[in-house]
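>>> Kindly return the folded structure for what I paste below:
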Amino acid sequence: MSTTTVKKNGISSLRLAAMAKKRRVGTTIFMLLLTLLAFGAFAPAFAPLPSLSSSRSNLARLNSVGDESKFEIADDMFWKDGKPFQIIGGDLHYFRVLPEYWEDRLLRAKALGLNTIQTYVPWNLHEPTEGQLVFEGIADIFSFLNLCQKLDLLVMLRVGPYICAEWDFGGFPAWLLAIEPAVKLRSSDPAFIDLVERWWGILLPKIVSSAYKNGGPIIMVQIENEFGSYGDDKAYLHHLVRIARRHLGDDVILYTTDGGSRENLNKGTIPGDAVFSAVDFSTGDDPWPNFMLQKEFNAPGKSPPLSSEFYTGWLTHWGEHIANTDATVTATYLEKILSRNGSAVLYMAHGGTNFGFYSGANTGADETDYKPDLSSYDYDAPIKESGDIDNPKYQALRRVIAKYTAAPLASVPSNNEKKAYGLIKLQKTKSLFNIVDTTDFDGITESENPLAMESLGQMFGFMLYVSDYKAKTNGSLLFIPKVHDRAQVFISCTSDDYEENPKYVGTVARWSNTSIRLSNTRCTSDNRIYILVENMGRINYGQYIFDKKGILSPVYLDEEPLQKWKMLPIPFHNLNEDRKINSVISDAYIDIRKPVQNNLKSKRNYRPEPSFYTGHLSVDEVKDTFLSFRGWSKGVAFINGFNIGRFWPSFGPQCNLYVPAPVLQEGKNLLVIFELETPNAELFVTSVDHPDFTCGSSSNSQVHQI
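Have a look, this model is predicted:
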């Protein structure tokens with residue numbers, strides 16, 4: 001997305017301050033956990049498209065093309081098979097929708113009147129660990145492209161290497177952060193270029209058969225995304241062009257997208273006609289001055305007006321009100337583009353869901369001004385997170401699009417049925433510390449100072465840092481200068497006969513990094529400190545994108561560095577990992593030891609403790625549903641081994657997590673919750689038939705203010 005100034009829900013800044021846009025425990029601990037847990041002025045420049053009957057050059061183009069599939073730019077227009085073509089597209093990301101629903105969502109986009117689908121290709125989804133390539137399941141981009149082809153939808157493919165997209169690390173694989181010396185991202189650094197060469201050398205040959213010239217749906221390929229908002233390295237951009245041309249040939253249209261300002265376009269575009277320069281800008285801005293500026297950065301005759309991100313809504317961070325954009329205003333400004341033969345791509349047509357740990361984050365004034373994104377990526381798009389389309393925005397946009405489409409639009413599908421399955425009772429199966437204190441792990445790393453998650457081969461989830469110290473009579477003051485992103489601190493005695501779980505003493509967060517007083521536990525032995533650090537999503541936009549996780553500084557106790565640390569990765573299961581591992585959950589459930597019994601009469605009497613809770617969702621008829629986490633604090637939820645995302649209803653605004661029907665099965669479905677603090681007092685969640693974004697503070701608070 002761009003750096004254009006926007007104002008949403010009373011939040012105004014340079015697109016949220018130039019941001020906005022927008023194991024080694026590894027297998028051992030993961031398998032053990034699952035087993036134990038059960039788990040007007042510009043009209044002359046852009047006149048209406050000429051009729052074919054009055055244009056000799058157009059007729060000549062038609063005669064020369066014949067039956068050849070060809071998509072090109074000429075006379076400041078797009079041409080498809082020799083005929084003028086207006087792109088009316090929308091972003092729909094295959095990695096935010098289960099494959100079983102790809103066709104459903106594409107049909108809804110087609111019924112909206114779209115003729116083109118734009119999607120990113122996240123490098124981290126397809127190469128989660130170096131050398132491990134994944135093109136199956138939700139990462140099966142080729143099946144997605146085939147579906148677009150089947151439904152007569154063209155594709156604009158945004159191959160990265162950087163995508164932003166409110167996606168973890170802007171689509172870069174987190175293992176890049178473990179490389180020493182550090183790689184300079186999005187630059188002509190030879191080490192980075194070599195990595196891009198290798199990745200694109202795998203990806204681009206696989207997609208070339210899907211290019212329009214070869215009978216496929218891909219009409220354009222984007223090689224960088226809003227680079228002008230980030231850097232000024234023309235050599236880097238030229239490197240990308242050379243790599244893309246080598247694999248795709250010279251007759252595939254390459255493009256860039258940049259915010260509609262002269263500075264952004266100066267830095268983010270490539271002069272000449274080698275790469276088409278598209279623009280994005282805020283919905284509500286007059287589009288035509290932006291298109292006039294765009295024309296200056298394309299070769300003569302090579303600048304069809306295109307808003308490659310026409311914003312139908314906006315992103316939402318934890319702690320904010322859910323974003324909302326007026327349907328009438330959105331439709332009105334889309335018509336301002338289409339009525340003068342401009343082209344537009346709706347961002348988003350359908351947002352979908354940040355399943356697993358892939359939601360990203362943004363920053364404001366500095367890197368401590370950290371704003372993690374919701375699990376939902378509904379985006380206030382016309383096609384809602386669960387696919388619903390009976391809303392004013394879908395209807396208003398469809399009415400506008402219908403005016404500029406020659407053929408009648410496809411009939412509008414009905415909403416998919418959703419079902420409320422009711423109350424799901426849970427039981428506490430294990431405290432995280434019960435597992436840690438009673439189990440020997442081969443994944444523990446020892447070091448004088450804390451190490452980043454990535455340095456230990458862990459890219460997502462949690463890391464437990466443990467060290468011993470001598471208590472003082474009056475207690476001690478703990479200070480961690482740099483923690484990414486949120487650390488819960490616990491203390492206990494080190495003696496073997498100490499039976500109680502560690503005592504919670506406070507939370508240190510990236511956005512409110514304060515000292516914590518450690519009380520005297522009156523131990524007969526040394527004290528032990530446990531620091532559980534959560535990776536809440538890597539920054540996906542701006543200058544702080546190089547975002548390692550964990551404890552990134554010394555830990556100070558009474559102003560002296562605390563040394564000799566043990567580190568235990570707790571990764572859990574992410575979106576694109578081998579689903580066969582998930583069978584361990586159901587297989588192990590019958591073998592789990594008797595759950596810990598909790599007589600919880602009041603949350604006030606329940607000490608915060610990271611623990612696991614399990615229960616069964618009984619399904620008589622498989623339909624989409626939502627799980628309401630009202631009354632819970634913060635954590636991660638899994639259904640039948642599938643990571644449906646993070647929940648944080650105590651902070652809001654998202655109360656419910658979307659559960660697509662393909663995740664469920666008739667009969668019993670295993671729900672496993674990792675709750676970081678305190679559970680619902682009655683130990684239940686509720687299956688409901690609707691989303692809910694009304695949790696948390698009623699004020700429009702930012703994460704860093706809490």
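>>> Now stretch 327-345: buried residues?
For stretch 327-345, the buried set under the neighbour-count rule, 16 or more other C-beta atoms under 10 Å, comprises 327, 330-331, 333-335, 337-338, 340-345. Placement of C-beta: from N, CA and C, glycine included.
>>> Let me fix that, I meant to ask about stretch 682-702.
With burial defined by 16+ other C-beta under 10 Å, the residues of stretch 682-702 counted as buried are 683-688, 691-693, 695-696, 701-702.
>>> part of a helix, is residue 169?
Yes. The assignment for residue 169 (DSSP: H, G, I helix; E, B strand; the rest coil) places it in a helix.
>>> Give me the distance between it and residue 347.
Residue 169 sits 20 Å away from residue 347, going by C-beta to C-beta, to the nearest Å.
>>> Could you point out which residue ranges in this structure have low pLDDT?
Scanning the chain with the threshold set as pLDDT under 70 gives 1-67, 437-442, 496-499, 576-606, 697-706.
>>> where along it do the helices fall?
Per DSSP state H, the chain carries helices over the ranges 26-37, 56-65, 102-112, 123-126, 141-150, 190-207, 234-248, 262-268, 287-296, 327-338, 392-403, 432-438, 583-589.
>>> Any idea which residue is closest to the centre of this structure?
In the chain, the residue lying closest to the centroid (C-alpha atoms, centre = their mean) is residue 167, at 2.9 Å.
>>> That residue is in contact with residue 360, isn't it?
Yes. Residue 167 lies in contact with residue 360 (C-beta atoms under 8 Å); the separation is 5.1 Å.
>>> Quick check: neighbours shared by these two?
Shared contacts of residue 167 and residue 360 (C-beta atoms under 8 Å, 6 or more residues apart in numbering): 354, 540.
>>> Kindly tell me how buried residue 479 is, as a neighbour count.
Close neighbours of residue 479, defined as other C-beta atoms under 10 Å, add up to 16.
>>> Neighbours of residue 317, how many?
23.
>>> Report the separation between it and residue 373.
Using C-beta to C-beta, residue 317 is found at 6 Å from residue 373.
>>> list residues touching both of those two?
Residues touching both residue 317 and residue 373 by C-beta under 8 Å, 6+ apart: 361, 362.
>>> Residue 513: which of the buried residues of stretch 682-702 is nearest?
Using C-beta to C-beta, residue 702 comes nearest to residue 513 of the buried residues of stretch 682-702, at 15.6 Å.
>>> got TSV for the helices of the chain, with distance to residue 562 too?
Shown next, in TSV, are the helices of the chain (distance: least, C-beta to C-beta, whole Å):
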stretch	distance to residue 562
helix 26-37	24
helix 56-65	72
helix 102-112	50
helix 123-126	33
helix 141-150	46
helix 190-207	34
helix 234-248	41
helix 262-268	44
helix 287-296	54
helix 327-338	53
helix 392-403	53
helix 432-438	19
helix 583-589	36
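>>> rewinding a little: could you check how far the residue nearest to the centre of the chain is from residue 678?
For residue 167, the distance to residue 678 - C-beta to C-beta - is 31 Å.
>>> repeat for residue 197
Separation of residue 197 from residue 678 (C-beta to C-beta) stands at 50 Å.
>>> same deal with residue 533?
Look at residue 533 and residue 678: by C-beta to C-beta, they are 19 Å apart.
>>> Equivalent analysis for residue 636, please.
Going from residue 636 to residue 678 by C-beta to C-beta gives 15 Å.
>>> For residue 77, name its beta-bridge partners.
Note on residue 77: beta-bridge partners by DSSP bridges are residue 74.
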